[in-house]
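**Q** What follows is a protein structure lacking sequence information:
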């Protein structure tokens, strides 16, 4: 765990907020992001969203579409400059007004490498210029 101390007991960290405790339990580094997304939802629905933060294990998706916890979805996005869109299998783990937390499913080497590059660039404060998502055939946001 980079830069985080695991919470071993609540009494030691009673002043932590719920969000801080959740962050302290994460296994991987999470960075701020702004990645355009196309969401493939159940029953053939599609929506647009934006990943506001990202880690090798998941992301927070800003989206107007209501999605239930436990819903499997597919997220299509451009994660690497010059590369085409990648499809990421996800499961919705929690929801809030205006978005949800998505846990990434099994990823291939290409997707894992692209996410790791984005995280490295963000941590080093290097600019990453991602290609925009194609607009064709996308309903919603």
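**A** Thanks, I have it. Quick caveat, the model's predicted, so the values are computed rather than measured. Residues are numbered from 1 along each chain as shown.
**Q** tell me which element residue 29 is part of?
**A** Residue 29 is part of no helix or strand when elements are defined by DSSP states H and E.
**Q** Distance of it relative to residue 49?
**A** To residue 49, residue 29 is 22 Å away according to CB to CB, to the nearest Å. Backbone N, C-alpha and C define where each C-beta goes, glycine included.
**Q** Also residue 43?
**A** Following CB to CB, the distance that separates residue 43 from residue 49 is 17 Å.
**Q** So these two - more neighbours on which side?
**A** Of the pair residue 43 and residue 49, residue 49 is the one with more neighbours under other CB atoms under 10 Å, namely 26 against 4.
**Q** Can you tell me who that one pairs with across the strands?
**A** Applying DSSP bridges to residue 49 gives these bridge partners: residue 37.
**Q** In contact with it, which residues are there?
**A** Each residue near residue 49 by CB atoms under 8 Å, 6 or more residues apart in numbering is listed here: 37, 38, 39, 61, 62, 63, 65, 75, 99, 141.
**Q** Kindly report the same for residue 32.
**A** 52, 53, 122.
**Q** switch the cut-off to 6 Å
**A** Taking CB atoms under 6 Å, 6 or more residues apart in numbering, we find residue 32 in contact with residue 53.
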